[in-house]
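S.K.: this one's sequence-less:
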């Protein structure tokens, strides 16, 4: 720092929601998509609503292994006076067979389609088989042990909404319904750049005195569980030209760039310097703590998320700004990436600073007596362990200076990072 | 079915916990393990406790970009009478530099180690730099803006417990602590076999009248998110010899086998027939509904989990029996695969049958007014949509015949299947 110059500082901290809206307003969702078999589309973001093309089941179906019967013919059946029905054949899976004759029963297995005329199934455990006939010893209600046509899904009903990441169960359901392809978003390319001359990716150099770069592989590991293709693009020294070049290349080959570190106001923090030169939009400073030296930019229509280097800030800005922007880019619903849990706070949390900021508090959740309790991990933003041992976090609204012990709080669990 | 013979039936349904214990008592946890770099071990099951080899931070460290100072020298500092300190140099990241001289301040960045003698950091925004000196305009508390040695983690404290699946954050933390390798379980090989002559893996054959086998790829997709290596081993017709051969081969190349379908009591259900021949232990019939025609066996010390074909039963037996056995095999903690949520039940649930069984009820969870509500999807066990649209499930203890609307219930979210 030369004499006579003032240190730079973050002039103004921005509301997170404002930053998010400014970025989203300048970034178009991706357009590329592909057609995949539902089973191959599991884990991908579906881009258009998918409807059931048929009823499921397509006909009334048996819920049991047993015999399809006419319930009207069994009205008087009892242990003392069983009704004897002739077994007129077997209906195999996925076939309907001929209509059921009067006085007859049809052998049927679970999931088999009911022959025309039959309206109930007597489970095989309840009959006696003798001479090609079965004896039934009780009456059956109409549709007893029958899964009605369309009872699982009606033709035309929505199975998957645009923006959902396809789950294994929904993938299997679509296949079962005869859907042979679904349109899914191509995987957004997310470039990750680390900044800092003190860093190394080599453990041997780290043992010799440099700082091991663990944030980039950590962030990449997390992103791998989201529907995107993360790529670590290397370590950039604290040098303006190097940073300019790296960011340019990263933006050329990525749909979105995450920078880690070099985001603050010292003379080594090159990320904001470069972004203020090249961005259409750039906000440094977020009204979120930890995370306040994070930010976001848009360069030629591509988003850049500025993750600070202290681990809480890195993770909080990724969660609250990076993932929402990624969701926008991929037209994916954001809420599916976080699970919410309501828990009782074990102890009070008091905020002394950054009063008009959103505060992020990481917590452990444990269960006792059928209730969930959450214990805050209060620590400075450099403290790795408090995130490592957490199950999720609270976001506390600005100006709330105190959470009371016993308060019911909503815990956000980022499913892809835990 | 020949005349004069009785249909087979499940004679006795077994308590799930008893079956689980019988299996676990006969199956040794796997022994193979490997040493991996922590960052490469993310997603793997750690086999021994890992301790912090050093304090973190290893020295007192600066929490801000600024100047390391002696707080005792700033006692009288004020806006009117600032204390002027000579800047005696810069301490770069990961170095300590020489002790701080009296009347001096040391330029330091966030995370930098405090020089000997310094006990507080004045943030750069608060000073004026002039002629190689800084003016400080207020007193500082001892250790203000200092992260104390060991405040994140104490040397010797446990970072990862044996049985935990390593998360990205813990992987990064271990690397940061200088841990260069962790011992992880080899990935258990899980063989998946589907049974049913009516099934096909080929959509074209399905369009021509066969039933598409969607359960096996669905189960494999779910297992892929767990620390194991699932392998689909093919479709077996309803034929005893084919089933014998397939099961034998599957057991030879797998640490654990999941069978899907063919698990009930009809003449086509070959799985229980083969397992009763070859098993050291075999229980068919579980006191869990849906799921009652599931079971488990141990053959030559290897577990076989019998998943029924109706989708609720498939998934419930996988969740409540398959995953616990897998966790035992891999010496992994079971609770990490499920997240618990407490929610308020939106409507009553009444059970008319299987009263002394555990009942599994799939639910949707939604949030309103900071509370979580769960809505039960009541349906037959063949109904795909009720699982597909669910967020988790309740397990209801035997003999409880009714859950009331408004009850607080614990929702289990299988993180790896949703």
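M.R.: Nice, thanks for sending it over. Given the structure is predicted, the values throughout are model-derived calculations rather than measurements. Residues are numbered from 1 along each chain as shown, chains lettered A, B, ... in the order given.
S.K.: what residues are up against the closest residue to residue A:179 other than its chain neighbours?
M.R.: Distances taken as C-beta to C-beta, 6 or more residues apart in numbering or on different chains put residue A:38 closest to residue A:179, at 5.8 Å, once the chain neighbours are dropped. From N, CA and C alone the C-beta is placed, and that goes for glycine too. Residue A:38 makes contacts with A:166, A:170, A:171, A:172, A:174, A:175, A:179, A:180, A:181, A:182, as judged by C-beta atoms under 8 Å, 6 or more residues apart in numbering or on different chains.
S.K.: go again with 6 Å.
M.R.: Residues near residue A:38 by C-beta atoms under 6 Å, 6 or more residues apart in numbering or on different chains: A:171, A:174, A:175, A:179, A:182.
S.K.: residue B:225 versus residue A:219, what's the distance?
M.R.: Plainly put, residue A:219 is 20 Å away from residue B:225 if you go by C-beta to C-beta, to the nearest Å.
S.K.: same deal with residue A:97?
M.R.: Residue A:97 sits 41 Å away from residue B:225, going by C-beta to C-beta.
S.K.: helices of the stretch 1-150 of chain A, start to end?
M.R.: A:16-26 (DSSP state H, counting those that start in this stretch).
S.K.: contacting residues for the residue of it found nearest chain B?
M.R.: When scored by C-beta to the nearest C-beta, the stretch 1-150 of chain A has residue A:93 as its residue closest to chain B, at 3.5 Å. Listed by C-beta under 6 Å, 6+ apart, the contact partners of residue A:93 are A:112, B:198, B:211.
S.K.: ok, 8 Å please
M.R.: A:109, A:111, A:112, B:196, B:198, B:211.
S.K.: just give the closest residue to the fourth one, not the sequence neighbours.
M.R.: Nearest residue to residue B:196, sequence neighbours excluded (C-beta to C-beta, 6+ apart): residue B:261, at 4.8 Å.
S.K.: how close does the nearest residue to residue A:400 once chain neighbours are set aside sit to chain B?
M.R.: Closest residue in space to residue A:400, ignoring its immediate chain neighbours: residue A:351 at 7.5 Å, by C-beta to C-beta, 6+ apart. From residue A:351 across to chain B, the span is 17 Å (C-beta to the nearest C-beta, to the nearest Å).
S.K.: residue A:351 and residue A:394 touch, don't they?
M.R.: No - counting by C-beta atoms under 8 Å, residue A:351 stays clear of residue A:394, with 11.7 Å between them.
S.K.: those two: who's more crowded?
M.R.: Set residue A:351 next to residue A:394 and count neighbours by other C-beta atoms under 10 Å in any protein chain shown: residue A:394 wins out with 20 against 17.
S.K.: between helix A:16-26 and whatever helix or strand that one lives in, find me the angle.
M.R.: Here residue A:394, judged by DSSP states H and E, is contained in strand A:392-396. Interaxial angle, strand A:392-396 versus helix A:16-26 (axes from the mean of the first three to the mean of the last three C-alpha atoms, to 10 degrees): 100 degrees.
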